[in-house]
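Enquirer: okay, here's the prediction I keep looking at, along with the sequence it came from:
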Amino acid sequence: MVLTNSMTGLSSALGSRIRDLALGQDNPDWLTDAVRREAESRKAWQDKFAAPMASRVAGTKPSLRSEQMTGTYVDPLFGKFAVVPTENEDLELHFIGSPSLNATLRHWHYDTWKLEWQEPHAWFDFGTVQFVTNNRQEVISLRFDVPNDDIFFEELEAVKE
């Protein structure tokens, strides 16, 4: 048994190598294969962020005022969110049931804001949230884009109360 707190696939190669040695088999390629897979995985991970970051449109301004975006939003599964103003005229997104996910909002482009997480997270460090409006330019919901393999933010349907 190999116990690790690693976020890589290298520990499985170590376990396989130990098993082979215990059984008298000699497969020296476990580590080589694991290093190759780890490099491929890291590249795929970085590619997840490349497209959203490259899609930023510089020089835009939000069509919404802060007071239109502030308020409480509810997702049937995840619970309540609050968008609140800060003292320096920024906005913060509070995950009421999961405060470790709270983020400061920085304008990204149009009515989309970059999530600057207030705590570091192992599986994500970049994301955006869009304020979705109806035909009367009233904010009705939040749409998340947070590339990661842990929390599926795109499944959230945070509707404004």
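Expert: Received the coordinates, thanks.

Enquirer: going by C-alpha atoms from here, please, whenever you check contacts or count neighbours.
Expert: Noted.

Enquirer: which secondary structure elements does the longest helix anywhere in the chain contact?
Expert: Counting residues, the longest helix in the chain under DSSP state H turns out to be helix 29-54. With contacts taken as 3 or more Cα pairs under 8 Å, 6 or more residues apart in numbering; DSSP states H and E, helix 29-54 sits against helix 10-22.

Enquirer: in terms of secondary structure, what does the helix it packs on contact?
Expert: Where contact means 3+ Cα pairs under 8 Å, 6+ apart, helix 10-22 is packed against helix 29-54.

Enquirer: what sits against Asp33?
Expert: Neighbour list for Asp33: empty [criterion: Cα atoms under 8 Å, 6 or more residues apart in numbering].

Enquirer: would you mind measuring from it to Gln25?
Expert: Going from Asp33 to Gln25 by Cα to Cα, to the nearest Å gives 17 Å.

Enquirer: go on, Ile96?
Expert: 53 Å.

Enquirer: same question, Val159
Expert: Applying Cα to Cα to Val159 and Gln25 gives a distance of 58 Å.

Enquirer: which one of the two has more residues nearby?
Expert: Applying other Cα atoms under 10 Å to Val159 and Gln25 shows that Val159 carries more neighbours, namely 18 against 11.

Enquirer: check which helices and strands the stretch of helix or strand that one belongs to sits against.
Expert: Applying DSSP states H and E as the criterion places Val159 in strand 158-160. Judged by 3+ Cα pairs under 8 Å, 6+ apart, the packing partners of strand 158-160 are strand 71-75, strand 139-145.

Enquirer: among the ones you listed, which comes closest to Leu21?
Expert: Of all those, it is strand 139-145 that lies closest to Leu21, at 45.2 Å by Cα to Cα.

Enquirer: CA atoms only: put the closest one into CSV for me.
Expert: This file holds the C-alpha atoms of strand 139-145, laid out as CSV (Å, rounded to 0.1, in the frame of the first residue of the first chain):
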residue,chain,number,x,y,z
VAL,A,139,-29.8,40.8,-13.6
ILE,A,140,-31.5,37.4,-13.3
SER,A,141,-28.6,34.9,-12.6
LEU,A,142,-24.9,34.1,-12.4
ARG,A,143,-23.1,32.0,-15.0
PHE,A,144,-19.7,30.5,-13.8
ASP,A,145,-16.7,29.5,-15.9
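
Enquirer: could you spell out the sheet neighbours of it, each with its direction?
Expert: In the sheet, strand 139-145 lines up against strand 128-133 (antiparallel), strand 158-160 (antiparallel) (DSSP bridges).
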